[in-house]
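S.K.: predicted model and sequence follow; I will ask about them next.
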Amino acid sequence: MSQEHKAKGRTPGERRDNVPRASNRPQYMTVGSGSTSESAARLQALLDNDSGYGGSVAGDSNWNPTLTEDRPTPVHSPMIRGESSEAAENERRMQASAIHQLWYNQHRVALARSINRVVDLLKGLQEENAVWPATYPSVQRAEASSPTVSSPRRSLTHTQSTTEVLPREASPRPSLLQRAQTSVGEGTSGEAESSKVAEERPAPEPRLVSPQIAQEFSILKLDLKLGALHQTELVHSLEKNSIASLLDGKISSSIRHLLSLRERIEDTSSKVLVTGDLNAGKSTFCNALLRRKILPEDQQPCTSIFCEVLDARENAGVEEVHAVHKDAVYNRHDESTYDVLALEDLEKLVTDNEHYNQCKVYVRDVRSIDESLLNNGVVDISIIDAPGLNYDTTKTTAVFARQEEIDVVVFVVSAANHFTMTAREFIWAAAAEKAYIFIVVNGYDTIKDKERCQKMILEQVSGLSPQTSKESSELVHFVSSNAIPTGPSPPPGGNGGSGSASGGGGDGPDFDGHSDPKGKGKDKEKIRDFENLEQSLRRFVLEKRARSKLAPAKTYLLNVLGDVHTLAQVNQEVAQSELDRVTKELAELEPALEASKKAKAEVSDDIDKTIEDTCKEIYSHTRQTLTTTIADAAGADLGVPYPGLLSAFQYAEDIKEAILSQVSTSVANCEEHARTKTIHGVNSIKQLGILHLGDEYTELSFRSDMMFRRKRDILAKQIEVETELWDFFDFSTLLQKQEKMAGTGMAMTVATVVGGRMMGGFGWVDGALGIAKIAGSHNLRKLAVPGAFLCAIAAVYYILDQIPNSLPQRLSTKISSQLHSIDYVHSNSDRISSSVRKILRTPANNLRVGLQRSVEQLGSKREDTRKIKGESEIARKYFGNLVVQSREIRGAVEAVDLEGPAPGVAAAYDS
Ligand SMILES: Nc1nc2c(ncn2[C@@H]2O[C@H](COP(=O)(O)OP(=O)(O)OP(=O)(O)O)[C@@H](O)[C@H]2O)c(=O)[nH]1
């Protein structure tokens, strides 16, 4: 029979890489009558046509349909021709397997397609995140949310405390979108943060991770750890772009993980990680599964590296150990990545881990396809014996368990010790990732009160992994691994598959408790329990591989879609509030810009006018003042006393100096006037600046005392007026004076002139004529000569007497004409007003530049705001679509029902 099995089924070692995949399509053995039954043929045809994707995946360019073809389902036990009941049974199993296969493929297709869509979604999110840095939200759930729909996501929180479980569907929108900096004491209603509230806030800031979001997010949660800083504080200190780039990294790794998950669900191999507390009996359990003492067992912790036990067929049928070098990526075809050791060296290898941290143990299976886990004919299964969990290894094992190729985690716990803290932590973490944990309570033989032990363990399991607890009869097993007979070494040249009752031979106890007629009742029971476990584990790995292989993909997809959904909702809202904000800002900016442009033009004109008016006023004031000063210089009190005829020349010099000094003083006064006007002008410009630019206005320092710092004696050097003799005989002045006096009726007589009265003008001529009349012409003729002489003397005396009156006038006239010749009045007026213009232009130009800058700033701010508005509009649409898409894909993923019994499976194996 075993020959027949080999001939028709797939013999060990037959399925290798060089066998083309196409020939590996499911082949179903004809049993009983020797012809395939109708229904089996129909199923076969169905499977033949079903690539796993039907015609619906044409668009999935990344998908390789050949990979979806599954392995042939082999016969499970040898047959006896003519035994119709057994044949019927076989056919039933076959059909069931085929149905299961179909069912499995459909789910695989659905998940793979979802993976492709999510990858596209994430890539899109990455692109959007680069343009519009996504907000990383702080979410607070509303306490009032009613937990109506159970969450598809199993997170650590869910397993820790059921009171905290608030299903995602219960609050499809984050109830209170808050930035963490404002979250304390803010907003208590169940309403999502209104855009009004958002509007009142300043521009959106980097989004924050609150403890809530830490629970909410699973895949896209940012790992922010820096010294003693709390995550929230750390996010506060990060720029929006830094958060966006962290998120980008997360998305990239999520895409990578999804791609490897897709590869994984296309792959037909399965890995079972056996882990647990130190010395819980993991190695003993693995050996019991293999029915061979392959892995070293010891009373003290001994396994220090990960030992993966694989079917020797994967190593060309050769039994050996490949000790993988530390930091090397194992490649069976590259011997530089490992050292080859014999199976016997394993004991030394696992205890001495200086050079290796994992090894591949290729062993030939001693059991039949029906019983074997490794060589089961459907899926390539490898068992990994992990080091016992302790402080050092827990993290490594958790990382190992998280590897996507680990389909099943078998947790071995000591019946005597129950779950240690390390065990709990590990299971919590693993449950969040894998959903189902297969729990082996080992060393059950050492327990007296077995019922109590079971009760306590099951209670603990329900707290640790509700999913596992729900199916405890299948997933939690109480066994004594050391009671399982094992063979020490492989049968020489044996190839396994020799039947369930046989093992590798050897000198150990019987391999099968059933075949041991003398077996003690208790041992039989232990073996039966272990066989039950094996059946469950087989079912778990083989029959329910949809769960073990597809569930991680489904769980991960749901998690990542949940994250994307939350992120999309939050960002849609943020984009909306940003849009509202910038729209409002634009509505304020547009008129502000127009006003600024207008102000710029107006102020410019204003300033020009102010400057021109001021300068004009200063010019005319200066001109007027100087002209008057120069004209009136002679008449003014020069403060120079007449020292007498002898010092007349000195007197003339003093007079000149006094006149010039008076002119200089007048110039100084004009400058002072200009200074005051300038200060006023500068202040006016400043007021204009403050009015139109506010705080933006930069005031220049103006020191009015620095104006007109010219030496006062310059004028004296410019003017050179020579004092001439004639200056002392200023007839014109005298004449003017006479006319003036005549005009006022103050005639003077010669007597008064002679009498030394120095007042009067030509009164003496009148006096002379009067005398002439009295004396008569004859007498007068006699008196003419002495009279004329006397008159001349009197006139000279008079003129000399008039020097203090006539000299200043004369000199003033001379000075005035000189000043006129050098255009003194105009040049000074011009100088002063030009200087003022120059000074006023500095703050004026400064104000112009400020106004121009203000216009430019407002203009560029408007451009920026318009740009943000455009981006926000796109972001709002994008995230709105993302919300819909992520919800839709999540619906499709949720529809992949891995929970219910796989059709056909029960029928195939329940017999
Ligand atoms: N009584 C009893 N002893 C057991 C059972 N299973 C294992 N042992 C014993 O427990 C000890 C530890 O077993 P191992 O299989 O080495 O334990 P382990 O978990 O692989 O140990 P490390 O990986 O080194 O942490 C050995 O002495 C086994 O014989 C069991 O079911 N019942």
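M.R.: It's in.

S.K.: poorly predicted segments of the stretch 401-550 of the chain, please.
M.R.: 402-405, 433-435, 488-522, 542-548 (pLDDT under 70).

S.K.: near the ligand, which residues of it show up?
M.R.: 442-443, 445-446, 480-482 (CB under 6 Å from any ligand atom). Any C-beta I mention is one placed from the backbone N, CA and C, and that applies to glycine too.

S.K.: and Tyr642, backbone torsions?
M.R.: Backbone torsions of Tyr642, given as degrees, to the nearest 10, read phi -80, psi 120.

S.K.: Ile803 is in contact with that one, correct?
M.R.: Yes: counting by CB atoms under 8 Å, Ile803 is a contact partner of Tyr642 at 6.8 Å.

S.K.: show me what contacts the closest residue to Ser269 other than its chain neighbours?
M.R.: With sequence-adjacent residues excluded and distances taken as CB to CB, 6 or more residues apart in numbering, Ser269 is closest to Asp380, at 3.9 Å. By CB atoms under 8 Å, 6 or more residues apart in numbering, the contact set of Asp380 is 268-270, 310-311, 314.

S.K.: by mean pLDDT, which helix or strand of this structure comes out lowest?
M.R.: helix 156-160 (a mean of 29; mean pLDDT, DSSP states H and E).

S.K.: isn't Leu341 right up against Leu349?
M.R.: Yes: look at Leu341 against Leu349 with CB under 8 Å: they come within range, at 6.0 Å.

S.K.: quick one, which of the two is more surrounded?
M.R.: Leu349 (23 against 17; other CB atoms under 10 Å).

S.K.: burial count for the residue of the stretch 701-850 of the chain found nearest the ligand?
M.R.: Nearest residue of the stretch 701-850 of the chain to the ligand: Gly850, at 77.5 Å (CB to the nearest ligand atom). Residues lying near Gly850 (other CB under 10 Å) number 19.

S.K.: hang on, isn't it packed against Leu688?
M.R.: No: using CB under 8 Å as the test, Gly850 is too far from Leu688 to be in contact (10.0 Å).

S.K.: do you know how far the residue nearest to Tyr824 when sequence neighbours are not counted is from Ser821?
M.R.: Counting by CB to CB, 6+ apart, Leu626 is the residue found nearest to Tyr824 once chain neighbours are left out, at 7.2 Å. As for Leu626, its distance to Ser821 is 15 Å (criterion: CB to CB, to the nearest Å).

S.K.: of these two, who's got more company?
M.R.: Leu626 (22 against 9).

S.K.: how confident was the prediction at that one?
M.R.: Note on Leu626: pLDDT of 89.

S.K.: with neighbour count and distance to Phe879 added, can I get the residues of the stretch 401-550 of the chain next to the ligand in TSV?
M.R.: Shown next, in TSV, are these (neighbours: other CB atoms under 10 Å; distance: CB to CB, whole Å):
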residue	neighbour count	distance to Phe879
Asn442	27	51
Gly443	23	54
Asp445	18	59
Thr446	12	58
Ser480	25	57
Ser481	26	53
Asn482	17	58
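
S.K.: which two among these are spaced furthest apart?
M.R.: Thr446 and Ser481 (11.7 Å; CB to CB).

S.K.: ok, Ile384 - how many residues close by?
M.R.: Ile384 has 27 neighbouring residues, counting by other CB under 10 Å.

S.K.: report the beta-bridge partners for it.
M.R.: Counting by DSSP bridges, Ile384 is bridged to Leu273, Glu308.

S.K.: the stretch 551-700 of the chain: helices as residue ranges?
M.R.: 551-632, 648-693 (DSSP state H, counting those that start in this stretch).

S.K.: grab the nearest non-local neighbour of Ala342.
M.R.: Glu320 (6.4 Å).

S.K.: Asp654 now?
M.R.: Val640 (4.3 Å).

S.K.: hang on, that neighbour packs against Lys656?
M.R.: No: the criterion here is CB under 8 Å, and Val640 misses it with Lys656 at 9.5 Å.

S.K.: more neighbours: the two, which one.
M.R.: Lys656 (24 against 19).

S.K.: residue contacts, the more buried one?
M.R.: 721, 723, 811, 815.

S.K.: cutoff 10 Å now
M.R.: Neighbouring residues of Lys656 by CB atoms under 10 Å, 6 or more residues apart in numbering: 638, 640, 716, 719-723, 807-808, 811-812, 814-815.

S.K.: try Ser872
M.R.: By CB under 10 Å, 6+ apart, the neighbours of Ser872 are 132, 204, 574-583, 865.

S.K.: so the residue nearest to Tyr824 touches His820, yeah?
M.R.: No: in this structure Leu626 lies outside contact range of His820 using CB atoms under 10 Å: 11.0 Å.

S.K.: shared neighbours of those two, anything?
M.R.: Residues touching both Leu626 and His820 by CB under 10 Å, 6+ apart: His826.
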